[in-house]
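S.K.: Task: produce atomic coordinates for the following.
(one chain, ligands or ions: 1)
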Amino acid sequence: MDRLEQAFYVDAYLAADGPVVELGVGDGRLAVEAARRGCAMVGVDLSPAMLELCRARADRAGVIDRLTLLQADFRAFTLAEPAALIALPYHSLGHLLTLDAKREAIRHIHAQLRPGGRFVFDDFVVTPERLDRLRQVQLRATYRTAGGGEALLWVTSLVDEASQSMRVVTWEDELDADNSLHRRRYRFLSLSWLDPAEARQLLEQAGFTIESCYGDFDRTPFAAATAAEQIWVARKEMR
Ligand SMILES: C[S@@+](CC[C@H](N)C(=O)[O-])C[C@H]1O[C@@H](n2cnc3c(N)ncnc32)[C@H](O)[C@@H]1O
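M.R.: Numbering: from 1, shown residues only. Prediction:
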């Protein structure tokens with residue numbers, strides 16, 4: 001992923017004045033880097049396998065004592081104390097496939113923040129050109145497997161514009177010594193996206209005040225014609 005994206009989130013974690021939570025912490029790419037730089041982090045993820053990868057990364061970096069990991073859904077995590085910052089990076093709100101599920105998550109996030117706390121997340125900006133690219137079959141990488149054979153990694157997406165969702169299909173071809181196909185394995189991932197007006201509405205309905213919407217991780221103000229991302233910074237009111 002982009003270095004600017006990593007800097008954007010890690011800087012926000014380090015600047016927060018109080019507990020910092022990353023939802024969908026995954027393998028700890030961002031959270032462990034922030035912990036390495038002194039930040040106490042709470043990481044939430046539904047997947048025990050991802051939490052295990054995160055724990056292993058934190059162990060290797062020698063920062064396991066700065067990381068609290070919770071296995072929970074975006075809509076149902078419970079914090080020991082209200083957070084100063086909750087982040088949901090890498091388009092991960094898109095793992096929730098309906099508007100209702102996203103609404104529930106954003107309301108829950110609002111409830112888990114302390115007054116004045118912030119919620120930061122990003123989502124895709126979907127343009128016809130981007131959809132065309134997603135629909136193409138792309139060879140992502142070639143590499144050697146553990147057994148020494150050659151492997152090819154492919155990806156394409158089935159896009160359903162009406163429901164603002166896609167099924168990402170990834171497959172790995174392992175080749176024999178004579179370069180014929182030995183084994184093919186598929187993986188599937190469903191993702192959805194919000195259009196910016198929906199994102200604004202969900203945030204405001206949950207009680208957030210929108211501080212900023214950026215169009216990239218350089219903090220360029222969002223403009224529909226040029227934005228690469230939609231990056232929202234929202235604040236829970238001080239009571
Ligand atoms: C794309 S990864 C992002 C990892 C990390 N935040 C990063 O930026 O590198 C999304 C993560 O969200 C987790 N996830 C997906 N749906 C979830 C849900 N409903 N509740 C909690 N975690 C979820 C997945 O297990 C995965 O680890």
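S.K.: Run through the strands of the chain in chain order.
M.R.: 20-23, 41-45, 67-71, 83-88, 113-124, 138-144, 150-160, 165-175, 181-192, 208-214, 229-236 (DSSP state E).
S.K.: most packed of the ones you listed?
M.R.: Using mean count of other CB atoms under 10 Å, the stretch among those with the largest mean neighbour count is strand 20-23, at a mean of 27. Placement of C-beta: from N, CA and C, glycine included.
S.K.: what helices or strands is it leaning on?
M.R.: Here strand 20-23 touches helix 3-15, strand 41-45, strand 83-88, going by 3 or more CB pairs under 8 Å, 6 or more residues apart in numbering; DSSP states H and E.
S.K.: 6 Å instead, please
M.R.: strand 41-45, strand 83-88 (3 or more CB pairs under 6 Å, 6 or more residues apart in numbering; DSSP states H and E).
S.K.: so can I have JSON lines of the ones you listed showing mean pLDDT and distance to the ligand?
M.R.: Formatted as JSON lines, the helices and strands packed on strand 20-23 follow (pLDDT from 0 to 100; distance: least, CB to the nearest ligand atom, whole Å):
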{"stretch": "strand 41-45", "mean pLDDT": "98", "distance to the ligand": "5"}
{"stretch": "strand 83-88", "mean pLDDT": "98", "distance to the ligand": "8"}
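S.K.: Let's have those strands in TSV, adding distance to Asp160.
M.R.: Formatted as TSV, the helices and strands packed on strand 20-23 follow (distance: least, CB to CB, whole Å):
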stretch	distance to Asp160
strand 41-45	26
strand 83-88	23
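S.K.: can I get the strands of the chain in JSON lines with distance to Val10?
M.R.: Below are the strands of the chain laid out as JSON lines (distance: least, CB to CB, whole Å):
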{"stretch": "strand 20-23", "distance to Val10": "10"}
{"stretch": "strand 41-45", "distance to Val10": "10"}
{"stretch": "strand 67-71", "distance to Val10": "14"}
{"stretch": "strand 83-88", "distance to Val10": "10"}
{"stretch": "strand 113-124", "distance to Val10": "12"}
{"stretch": "strand 138-144", "distance to Val10": "26"}
{"stretch": "strand 150-160", "distance to Val10": "27"}
{"stretch": "strand 165-175", "distance to Val10": "26"}
{"stretch": "strand 181-192", "distance to Val10": "24"}
{"stretch": "strand 208-214", "distance to Val10": "16"}
{"stretch": "strand 229-236", "distance to Val10": "14"}
